[in-house]
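A.B. asks: structure of the sequence below:
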Amino acid sequence: MYKRIIYDSALDWVPYLAFGVTAAVFLIFIVRAIGLRKDSAAKMSRLPLDD
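C.D. replies: Got it, this is the predicted structure:
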């Protein structure tokens, strides 16, 4: 039983890792969106409508 308690406490870092990865991806998207040039943004905004 003592080994199970040690094993359960060894997985306490998993939610922190998942939150960190999610936050990092979200921040990367924000930084790329802010740094996007206006002509590139206009080109991307027309993509679904171009045939």
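A.B. asks: CA atoms for contacts and neighbours, from now on please.
C.D. replies: Fine.
A.B. asks: quick check: buried residues in whatever helix or strand residue 28 lives in?
C.D. replies: Per DSSP states H and E: residue 28 is located in helix 14-34. By 16 or more other Cα atoms under 10 Å, helix 14-34 has no buried positions at all.
A.B. asks: so, low pLDDT: which residues of the chain?
C.D. replies: Within the chain, the set of residues satisfying pLDDT under 70 comprises 1-10, 50-51.
A.B. asks: one more time with 80, if that's ok
C.D. replies: Along the chain, segments meeting pLDDT under 80 span 1-11, 48-51.
A.B. asks: how about residue 11, secondary structure?
C.D. replies: Taken by DSSP: H, G, I helix; E, B strand; the rest coil, the conformation at residue 11 corresponds to coil.
A.B. asks: tell me how many other residues crowd it.
C.D. replies: By the criterion of other Cα atoms under 10 Å, residue 11 has 9 neighbours.
A.B. asks: contacts only, for the residue nearest to the spatial centre of the chain.
C.D. replies: Residue closest to the average C-alpha location in the chain (Cα atoms, centre = their mean): residue 25, at 2.3 Å. Residues near residue 25 by Cα atoms under 8 Å, 6 or more residues apart in numbering: none.
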